[in-house]
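> Pasting the sequence and the predicted coordinates here, then a few questions.
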Amino acid sequence: MDIPDDIFGESLNLEETHLNEGYQEGYETGFASGKDDGREVGLKTGFTTGEELGFYRGCIDVWNAVIRVEPSCYSARVQKKIKEMDELLFKYPILEPENESVTDIMGSLRLKFRAICATLNVKLEYNGYPKASDPNEIQF
């Protein structure tokens with residue numbers, strides 16, 4: 001005749017069983033929630049980065065259009081800075097957000113942009129896209 005294991009064994013391990021089940025359920029829920037939150041933050045960050053890069057691209061395109069129409073409009077130094085900024089923008093790893101050079105290139109772009117604006121004596125700066133909910137933030 002087999003002697004059954006402790007008949008109260010399951011009752012004594014009830015707390016540990018519930019703790020493990022709760023932990024597993026919480027882990028799965030947290031993992032799904034974290035994935036959703038990460039996606040949302042990634043989309044927002046990607047959008048704002050793309051928006052800023054687009055702003056710089058637009059400025060470079062306008063400056064290059066002016067240079068094509070009137071090559072002597074800007075000094076050789078300014079034209080060189082515009083070309084360097086264009087090259088930096090081209091080198092920006094858009095499809096590799098985890099690339100370590102992203103912050104360095106963005107910092108260099110911002111610096112070049114400020115230098116060009118200061119040299120041209122233009123008060124241009126990127127403040128982000130104005131929010132539609134607050135029409136007072138839109139500047140003309």
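Structure's in. What do you need?
> can you give me the helices for this structure?
Remark: helices assigned in the chain by DSSP state H are 9-12, 14-69, 76-91, 101-120.
> need those in TSV with mean pLDDT and distance to residue 126, can you?
Bear in mind the C-beta positions are built from the backbone N, C-alpha and C, glycine included. What follows is the helices of the chain, written out as TSV (pLDDT from 0 to 100; distance: least, C-beta to C-beta, whole Å):
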stretch	mean pLDDT	distance to residue 126
helix 9-12	67	64
helix 14-69	86	5
helix 76-91	93	13
helix 101-120	90	8
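> Quick one, which of those helices gets closest to residue 127.
Closest to residue 127 of these is helix 14-69 (C-beta to C-beta; 9.5 Å).
> tell me the angle of the closest one relative to helix 101-120?
30 degrees (axes from the mean of the first three to the mean of the last three C-alpha atoms, to 10 degrees).
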